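Trainee: Pasting the sequence and the predicted coordinates here, then a few questions.
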Amino acid sequence: MTKSKDARVTTALVCTICTSKEAGNKSSGISRYTTRKNRRNTPTRLESKKFCVCCHKHTYHKELKK
């Protein structure tokens, strides 16, 4: 039987540039990645530099609020 309070959780990383664009700019969407993190070792939010398909460049992706 698995524990309900598992140490590893699945989180979503979302592009910081795509979410901050105004409605006037034509945005093709929001880039999202999924990853797993250990809740005990990293209690803070993750931030990684990944390739954004919408912006066509490497940008910072932050963990999405739940």
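Mentor: That came through fine.
Trainee: Could you look up the SS state of the residue positioned nearest the centre of the chain?
Mentor: Nearest to the mean C-alpha position of the chain, counting by Cα atoms, centre = their mean, stands Leu13 at 0.8 Å. The local conformation at Leu13, judged by DSSP: H, G, I helix; E, B strand; the rest coil, is strand.
Trainee: Just give the nearest non-adjacent residue to it, would you?
Mentor: Spatially, and ignoring its direct neighbours in sequence, Leu13 is nearest to His61 (3.9 Å; Cβ to Cβ, 6 or more residues apart in numbering). To be clear about C-beta, it is placed using only N, CA and C from the backbone, and glycine gets the same treatment.
Trainee: how much space between that neighbour and Asp6?
Mentor: 23 Å (Cβ to Cβ, to the nearest Å).
Trainee: Specify which residue of the two has the higher count of neighbours.
Mentor: His61 (25 against 10; other Cβ atoms under 10 Å).
Trainee: Double-check that one against Thr16; I have them as touching.
Mentor: Yes. Counting by Cβ atoms under 8 Å, His61 does reach Thr16; the two are 6.8 Å apart.
Trainee: Packing partners of the lowest-mean-pLDDT helix or strand in the chain?
Mentor: Least confident element among the helices and strands of the chain, by mean pLDDT, DSSP states H and E: helix 16-20 (a mean of 80). In terms of contacts (3 or more Cβ pairs under 8 Å, 6 or more residues apart in numbering; DSSP states H and E), helix 16-20 is packed against strand 57-63.
Trainee: Kindly recompute the last result at 10 Å.
Mentor: Helices and strands touching helix 16-20, by 3 or more Cβ pairs under 10 Å, 6 or more residues apart in numbering; DSSP states H and E, are strand 47-52, strand 57-63.
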